[in-house]
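**Student:** Could you look at this predicted model? Sequence included:
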Amino acid sequence: MATPLLFVALIFFGSSLPFASSSNLQQSCPPCGGLKIPFPLSTDSNCGEQNYRLYCNNNTLQFLSQSGLYYQVISIDPTANMLVISVPTIRKTACISSDLKVEGLTLDESLPFNISKRNEVMLFNCADDILLSPLNCTTTSPCRKFEATSAGKSCRNTLCCSYLKDSAMTSHRIRIRVEGCTAYTSVVNMSPNDPPRTWKFGIELQWA
């Protein structure tokens with residue numbers, strides 16, 4: 001009787017091994033630059049899920065766009081499945097965003113990230129044909145407040161517009177181009193009367 005019992009035990013423990021291996025794959029990645037990495041976000045092939053890939057470069061957590069540019073991750077909210085990446089810098093000597101060469105931010109639509117609906121996007125140095133769009137290009141647009149700050153100084157007296165990223169627009173791109181608007185910034189969860197000093201600059205992404 002010892003042999004059949006041993007055989008049954010081997011079957012039981014052997015069948016449980018795949019489940020143990022699978023549970024190991026549900027591990028969260030270690031922190032990067034002081035930011036905790038909640039599952040399923042991943043910074044390594046040994047943790048998280050690979051479709052949710054971020055990059056820990058020189059102890060700085062970064063998000064890679066489809067165009068191949070890295071944007072620093074500023075914060076992560078695991079309960080809301082949200083993260084905020086940094087906005088591109090605008091040159092001090094010209095109204096040009098640092099990602100103009102790739103026409104702004106583009107997300108890979110095959111991955112589970114998209115741009116949330118809480119981003120107030122401001123475009124600067126725009127061509128006149130943007131006035132035909134439904135964007136807010138009036139003197140009440142928050143882009144006028146940004147122009148008055150030191151960060152927006154190089155974009156003063158240019159045509160600027162703003163819009164709230166919503167379901168009517170693509171959730172995978174913020175586009176700028178030489179023939180259109182050459183610079184942009186974004187503020188998360190902006191209230192109309194908030195002064196620029198209270199703005200939370202960044203681009204909020206959500207994951208499914």
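**Tutor:** Alright, I've got the coordinates. Numbering: from 1, shown residues only.
**Student:** From the structure, what's the count of residues near the residue nearest to Leu69 when sequence neighbours are not counted?
**Tutor:** With Cβ to Cβ, 6 or more residues apart in numbering as the criterion, Leu69 has its nearest non-adjacent residue at 5.6 Å, and that residue is Asp99. Where you see a C-beta, it was placed from the backbone N, CA and C, and this is true even at glycine. Counted with other Cβ atoms under 10 Å, the neighbours of Asp99 add up to 21.
**Student:** How about Gln62?
**Tutor:** Neighbour tally, Gln62, other Cβ under 10 Å: 19.
**Student:** nearest spatial neighbour of it, skipping sequence neighbours?
**Tutor:** Tyr70 (4.2 Å).
**Student:** That neighbour pairs with what?
**Tutor:** Leu64 (DSSP bridges).
**Student:** quick one: it from Gly152, how far?
**Tutor:** Noted for Tyr70: a distance of 23 Å to Gly152, by Cβ to Cβ, to the nearest Å.
**Student:** Next: Glu109.
**Tutor:** Using Cβ to Cβ, Glu109 is found at 31 Å from Gly152.
**Student:** More neighbours: which of those two?
**Tutor:** Taking other Cβ under 10 Å, Glu109 and Gly152 do not tie; Gly152 has more neighbours (22 against 12).
**Student:** The more buried one: what's it in contact with?
**Tutor:** By Cβ atoms under 8 Å, 6 or more residues apart in numbering, the residues touching Gly152 are 90, 124, 146, 185.
**Student:** I'd like to know how far the third one sits from Cys47.
**Tutor:** Spatial separation of Phe146 from Cys47 under the definition Cβ to Cβ is 39 Å.
**Student:** what about the two, which has more around it?
**Tutor:** More crowded of Phe146 and Cys47, by other Cβ under 10 Å: Phe146, with 23 against 19.
**Student:** So that one is in contact with Glu120, correct?
**Tutor:** No: the pair Phe146 / Glu120 is not scored as a contact, 10.1 Å apart, by Cβ atoms under 8 Å.
**Student:** Put the alpha carbons of stretch 123-132 into PDB.
**Tutor:** The C-alpha trace of stretch 123-132 is given here as PDB (Å, rounded to 0.1, in the frame of the first residue of the first chain):
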ATOM      1  CA  LEU A 123      -1.900  74.400 -27.200                       C
ATOM      2  CA  PHE A 124       0.400  77.300 -28.200                       C
ATOM      3  CA  ASN A 125       1.800  79.000 -31.200                       C
ATOM      4  CA  CYS A 126      -1.100  77.700 -33.300                       C
ATOM      5  CA  ALA A 127      -1.900  78.400 -37.000                       C
ATOM      6  CA  ASP A 128      -5.000  80.400 -37.700                       C
ATOM      7  CA  ASP A 129      -7.000  77.500 -39.000                       C
ATOM      8  CA  ILE A 130      -7.400  76.200 -35.500                       C
ATOM      9  CA  LEU A 131     -10.000  78.900 -35.000                       C
ATOM     10  CA  LEU A 132     -12.300  76.700 -37.100                       C
END
